[in-house]
Structures are given as C-alpha cells and as structure tokens.
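Participant: generate coordinates for the sequence data below:
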Amino acid sequence: MGAAGCSALRRSYNVPMERDIERILISRKCISERVSALADSIGETYGADSEGLVIVPILAGSVIFLADLIRCLPFKMKIGLMTVSSYRGKTTSAGESRLIQDLNLDIEDRHVLVVDDILDTGSTLRLVVGELRQRRPASVRICVLLRKRSKAPRDFSVDFVGFDIEDVFVVGYGLDYNDHYRNWPDIGVLKPELYE
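Facilitator: Purely as a prediction, here's the structure:
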C-alpha cells in the first residue's frame, strides 16, 4: 500500500490524532535528514570498531527512531533489547525508572550504543547505563533523538543528539502519551488540555 493508500485508510477510520496536536515541532522531512546525519556521525565514530557493535534501544519509545537509524548504518550489528518504564499512567512527570525487560545479550568486551527517544531528567538513561557498565563492555555511548536542554542534567552527557528542543510535551515518531500517538509521523506538541 502506497502513501496515498495509507492516507485514504486513515481518513476512513477518522483517526483524530491531528486534532490533538497543537503544532508540529519537527517535521518528518527534518527528522529523516537528521537521522541520516546521525548515522554518518556514528559510523565515523566507531570506524573499525563497528564490527561486533551492540545497539541497545530503550523500548518502546525508541523503536521508530531505531528502525530508521539502523537502516542508515552500513555495518553489521547486534540489537539487545531492554524495556524501562519511567511514566505512570496519565501523568506527565517522570516516576522512578524501573527495568521491565533485562538485556538479552552478552556485551562483555563489546562496544555498546544505547539508543533512546528523549533525554529530559536522565533517570531512564542513568539506570540503563549503570546496568550495562556492570557487564564490562568495551565502551558505552548514548544516542538520543531529542534532548530538553533546560531539563537535561549537566552531569550526564550523551554522545549523539538529534535535536535540542524546548521543554514541551511532545508526541509522535515513537514518543507517546499514555501509549498513544507513537505512530504520528512528525514530532508534535500535544495540546495541554489533553494531559493537564
């Protein structure tokens, strides 16, 4: 089914996602261009060390970003899955991060790239990186699609950043509100009346 078919299908179900988006913060075109540039930077960084790289996406928010990113990487890799939860129900403030699904691969002496959708308070990434470093990898680097500069902790750095954004509640391209909107193709600002 082509893009026109997807649009027709979306109209036939009258999905109201568009009405819930206050504004588009980052368009799908900008996302695509930036993901390609991130892949170039990642490829240059790892170079000869790319053989045996393990990519660890934080599920479920990073799944769409991950799919696009790895298709731009020109080398072999393994993917190790971890699921972490830091949001409870319909709240917009982060709760305590909890590991729900542990890593399914041995990463000892291997280079690891953690991929996440957004860095705001840093609690999720701190938990994941702490868990991974206990397994004695050769290195751990971090790639995030979005970083909220005003909230991101100054003592926690990441290696690859897609976009620095303002402190707004964003959905789409894998980011959700109460497990909805992950399939919205742009990154949009959710209308505040829907979560306040």
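Participant: surely residue 107 touches residue 55?
Facilitator: No. Using CB atoms under 8 Å, residue 107 makes no contact with residue 55, being 10.7 Å away. For every residue, glycine as well, the C-beta is placed using N, CA and C.
Participant: what does stretch 113-122 rub up against?
Facilitator: Contact with stretch 113-122 is made by 42, 46, 53-58, 61-62, 65-66, 69, 94, 124-125, 128-129, 132, 140-148, 151-153, 156, 158, 161, 167, 170, 173-175, as judged by CB atoms under 8 Å, 6 or more residues apart in numbering.
Participant: ends of stretch 169-180, what's the gap?
Facilitator: One end of stretch 169-180 to the other measures 13 Å (CA to CA, to the nearest Å).
Participant: just want the most central residue of the protein.
Facilitator: Closest to where the C-alpha atoms of the chain average out (CA atoms, centre = their mean) is residue 117, at 1.9 Å.
Participant: can you show me the helices along this structure?
Facilitator: Secondary structure of the chain, counting by DSSP state H: helices at 3-13, 17-20, 28-46, 63-70, 123-133.
Participant: ok, and the closest non-adjacent residue to residue 188?
Facilitator: Once flanking residues are discounted, residue 188 sits nearest to residue 21: 3.9 Å by CB to CB, 6 or more residues apart in numbering.
Participant: no, scratch that, I was asking about residue 35
Facilitator: Residue nearest to residue 35 in three dimensions, not counting chain neighbours: residue 68, with 4.9 Å by CB to CB, 6+ apart.
Participant: pLDDT weak spots in the chain?
Facilitator: Scanning the chain with the threshold set as pLDDT under 70 gives 1-15, 48-50, 83-102, 196.
Participant: residues contacting residue 79?
Facilitator: For residue 79, the contact set (CB under 8 Å, 6+ apart) comprises 54-57, 66, 70.
Participant: quick one on the thing from earlier: common neighbours of residue 107 and residue 55, please.
Facilitator: Common neighbours of residue 107 and residue 55, counting by CB under 8 Å, 6+ apart, are residue 80.
Participant: of the contacts of residue 79, buried ones?
Facilitator: Among these, the ones that count as buried by 16 or more other CB atoms under 10 Å are 54-57, 66, 70.
Participant: can you name the two of these that sit furthest apart?
Facilitator: Distance extremes for the buried ones among the contacts of residue 79: the farthest pair is 54 and 66 at 12.9 Å, using CB to CB.
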